[in-house]
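Novice: Sequence and predicted structure are below.
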Amino acid sequence: MSRTTPSRRPLDTIVVGAGFAGLYMLHRLRGLGLEAQVLEAGTDIGGTWFWNRYPGARCDIESLEYSYSFDDALQQEWRWTERYASQPEILKYIHHVAERYDLRRSIRLSTRVVSAHYDAAANLWSVTTEHGDTLRARFCIMATGCLSNAKLPEIAGLADFEGQRYHTGLWPTAPVDFSGMRVGVIGTGSSGIQVIPVVAEQARELVVFQRTPGYSLPSRNEPLDPEDERATKQRYAQMRKQARESVAGVAGYPVPTQSAFAVDPAERDAIYETHWNAGRTSIGRVFDDLLVDAKANDTAADFVRAKIRAQVHDPRTAAALMPRDPIGTKRVCLDSGYYQAYNRPNVRLVDLRATPIEHVTPRGIRLRDGEEVALDALIFATGYDAMTGALNAIDIRGTEGIALKDEWAAGPRTLLGLMSAGFPNLFFITGPGSPSVLSNVIVCIEQHVDWIADCLAWMRERGNVRIEATRDAQDAWVAHVNEVAAATLFPVANSWYMGANVPGKARVFMPYVGGVGPYRKKCDAVAAAGYEGFAMASS
Ligand code: NA7
């Protein structure tokens, strides 16, 4: 690895993506004296927080925790204004970080990567962009995000619609005003639940097309109290440590130690009530059997269903909004006035289980019962080809030209979510097989970036230039990931964790459910044992 490389010679590293992961990776690589080029498809940095600028977009992890921890001066000096930060504020933070560490000079914007091919003879990755130019580097690091490949629904006639069209994950940079318009929203996951109450206030009419109702709890978002902020910042080191050792990357969620049936029903409901009032998604983790025992899960699910029912005036709408999956097997949402939006006279819910969409027409949506819902604008809050979508969108080829897409046809195969056998010197940040989307992802991003940076430093000290996951270690890790998932209720739901939202995608539980803290320990142990399970080479 060279420390200074003329631009036409191969780089040390290419990083794909300039979101939270890519930016911190760049900072760490610079710290090691490695030359890095970041390639970013967007017209600006920010990743998820660049693309998801729909009205109401907000983080569902508290701002004091959903932020970098690598520099105490940064975390002490940055001031968050709300308990849960809005998209504009998070993007402002990301811009601040880029300026503060002078990152922009190594980032090429508006540059989508179309292929990444490993040249075994040269031990280099050739990365080609949409503009046709090719860069070469010893290491290629995918910071492409878990939820970055936006997905449109498979509905006939989509292209015929003559009104305005938006996807929450590809929102335009210019503000959109829905005043006076008839707007349709398809999808009621986190994004739909956030966009619906805001658009309901603007639009003349809002029609929500719901396929599967989810669980949402009130966020109880509020301005950050300066005293609370000061107190939190005083114990930041301890809080960050707790988050790193926790199950979900968030401090203050003690690991549950008792069954939902260890307490009587009145006491249980009182406990649920406390969590309902806390403005967090902790309700699904109160007891140790909620995610493994369907009957235990029902006690929490029934509690939340009753709360939903109580918020919605029209009994038919309330009934259609009742979720049926076990609570927690799809991401539990936090909202600001979602259920109340259905009490507005200009908002209507169409339950697609009862009345499916026949097709989209130039003027709206025709339902199977013959009604045509007239619309001026359609918002797709239909999610992502999650976890593997952004990687499979790039033609990634490893040794002997094998395609990552083919290797992963029956589900992603990685060692620790960090590398895949057959693809030397290619790293994934928060890849499938790591806790990633089941956690406060910033904690996992920092952990992966640090692990990769330490690994590169370790290799350089020993003159190693090549690292690859071994098949045996990878097989064992994939088996472990599947085994822990199979012991939970997660595989029961048709979730994007399972690839169930993409027709033809293998139904495999992709993230690692073993917990952020235990996972970190495993990664650290592997590194301490000289990167056990990874093969290294010095030429
Ligand atoms: P999600 O959570 O994948 O939600 C997508 C929603 O769109 C969900 O309600 C889907 O229903 C619905 N959907 C998808 N396809 C269709 C079709 N064809 N017809 C009707 N409805 C459809 O994506 P989000 O963007 O809300 O959230 C993703 C993550 O981002 C979230 O977990 C946070 O981590 C941040 P389904 O449930 O599949 O029946």
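Specialist: Cool, got the structure.
Novice: Not counting its neighbours along the chain, what's nearest residue 233?
Specialist: residue 76 (5.7 Å; Cβ to Cβ, 6 or more residues apart in numbering). The way it works is simple: take the backbone N, C-alpha and C, and place the C-beta from them, glycine included.
Novice: same thing with residue 457?
Specialist: Closest residue in space to residue 457, ignoring its immediate chain neighbours: residue 32 at 5.6 Å, by Cβ to Cβ, 6+ apart.
Novice: residues touching that neighbour, list them.
Specialist: 453, 456-457, 460 (Cβ atoms under 8 Å, 6 or more residues apart in numbering).
Novice: Most neighbours among these, please name it.
Specialist: residue 456 (24 neighbours; other Cβ atoms under 10 Å).
Novice: And the average pLDDT for the strand or helix carrying it is what?
Specialist: Under the criterion of DSSP states H and E, residue 456 resides in helix 441-462. For helix 441-462, mean pLDDT is 98.
Novice: do you know how far the residue nearest to residue 414 when sequence neighbours are not counted is from the ligand?
Specialist: Nearest residue to residue 414, sequence neighbours excluded (Cβ to Cβ, 6+ apart): residue 433, at 4.1 Å. Distance of residue 433 to the ligand, given as Cβ to the nearest ligand atom, to the nearest Å: 18 Å.
Novice: again with residue 110
Specialist: 24 Å.
Novice: Quick one: residues contacting that residue.
Specialist: By Cβ under 8 Å, 6+ apart, the contact set of residue 110 is 40-43.
Novice: mind redoing it with 10 Å?
Specialist: Shown in contact with residue 110 (Cβ atoms under 10 Å, 6 or more residues apart in numbering): 39-44, 129-131.
Novice: do the same with residue 233
Specialist: By Cβ under 10 Å, 6+ apart, the neighbours of residue 233 are 64, 72, 75-79, 239.
Novice: Surely it is in a strand?
Specialist: No - in this structure, residue 233 is helix, not part of a strand, as judged by DSSP: H, G, I helix; E, B strand; the rest coil.
Novice: Kindly report the residues of this protein close to the ligand.
Specialist: Contact residues (Cβ under 6 Å from any ligand atom) of the chain with the ligand: 147, 153-155, 168, 186-192, 209, 211-212, 331, 352, 381-383, 496, 501.
Novice: Please list only the buried members of these.
Specialist: By neighbour count, with 16 or more other Cβ atoms under 10 Å, the residues of the chain next to the ligand hold 147, 153, 155, 168, 186-192, 209, 211-212, 331, 352, 381-383, 496, 501 as buried.
Novice: now the residue nearest to residue 457: how far from residue 494?
Specialist: Using Cβ to Cβ, to the nearest Å, we find residue 32 at a distance of 43 Å from residue 494.
Novice: Over to residue 85?
Specialist: Residue 85 is 30 Å from residue 494, by Cβ to Cβ.
Novice: out of the two, which sits in the more crowded spot?
Specialist: residue 85 (24 against 16).
Novice: Give me the pLDDT for that one.
Specialist: So, for residue 85, pLDDT stands at 98.
Novice: Mind pulling up the pLDDT for the residue lying closest to it once chain neighbours are set aside?
Specialist: Nearest non-adjacent residue to residue 85, counting by Cβ to Cβ, 6+ apart: residue 63, 4.0 Å away. Here, the pLDDT recorded for residue 63 equals 97.
Novice: try residue 7
Specialist: pLDDT at residue 7 comes out at 44.
Novice: what does residue 331 give?
Specialist: Residue 331 is given a pLDDT of 87.
Novice: Provide the secondary structure category for it.
Specialist: coil.
Novice: list the contacts for it?
Specialist: Going by Cβ under 10 Å, 6+ apart, the list of residues near residue 331 reads 60, 189-190, 214-215, 281, 284, 437-438, 495-497.
Novice: now swap in residue 212 and tell me
Specialist: 187-189, 323-325, 330, 352-353, 493-495, 501.
Novice: Please report how far it lies from residue 447.
Specialist: Residue 212 sits 32 Å away from residue 447, going by Cβ to Cβ.
Novice: So residue 64 sits against residue 229, correct?
Specialist: Yes - counting by Cβ atoms under 10 Å, residue 64 does reach residue 229; the two are 7.1 Å apart.
Novice: list the residues that contact both of the two?
Specialist: Residues touching both residue 64 and residue 229 (Cβ under 10 Å, 6+ apart) are 80, 83.
Novice: for the residue of the chain positioned farthest from its centre, phi and psi?
Specialist: Distance from the C-alpha centroid of the chain peaks at residue 370, with 37.5 Å (Cα atoms, centre = their mean). Residue 370 has phi and psi values of phi 100, psi -20 when expressed as degrees, to the nearest 10.
Novice: ok but the residue nearest to residue 85 is inside a helix, no?
Specialist: No - counting by three-state DSSP, residue 63 is not part of a helix but coil.
Novice: so what's it up against?
Specialist: Contacts of residue 63 (Cβ under 10 Å, 6+ apart): 78-86, 89-90, 93, 221, 224, 229.
Novice: Contact partners for the closest residue to residue 439 other than its chain neighbours?
Specialist: Excluding the flanking residues, the one nearest residue 439 by Cβ to Cβ, 6+ apart is residue 249, at 3.7 Å. Contact partners of residue 249, counting by Cβ under 10 Å, 6+ apart, are 61, 65-66, 242-243, 435-436, 438-447, 515-517, 519-520.
Novice: Please, which helix or strand holds residue 249?
Specialist: Per DSSP H and E: residue 249 is located in neither a helix nor a strand.
Novice: repeat for the one 3 residues further on
Specialist: Applying DSSP H and E as the criterion places residue 252 outside every helix and strand.
Novice: wait, isn't it in contact with residue 65?
Specialist: Yes - at 9.0 Å, residue 252 counts as touching residue 65 under the criterion of Cβ under 10 Å.
Novice: Sheet partners, orientation included, of the longest strand seen in the chain?
Specialist: With secondary structure taken from DSSP state E, the chain has its longest strand at strand 134-142. Sheet pairing of strand 134-142 (DSSP bridges) gives strand 11-16 (parallel), strand 124-129 (antiparallel), strand 426-428 (parallel).
Novice: give the contact list for residue 229.
Specialist: Each residue near residue 229 by Cβ under 10 Å, 6+ apart is listed here: 63-64, 79-81, 83.
Novice: tell me the strands in the stretch 101-250 of the chain, going along the chain?
Specialist: Here the stretch 101-250 of the chain has its strands, by DSSP state E, counting those that start in this stretch, at 107-108, 113-119, 124-129, 134-142, 164-167, 182-186, 205-210, 216-218.
Novice: could I get those strands as CSV with mean pLDDT?
Specialist: Shown next, in CSV, are the strands of the stretch 101-250 of the chain (pLDDT from 0 to 100):
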stretch, mean pLDDT
strand 107-108, 98
strand 113-119, 98
strand 124-129, 98
strand 134-142, 98
strand 164-167, 98
strand 182-186, 98
strand 205-210, 98
strand 216-218, 97
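Novice: Cheers, nothing more for now.
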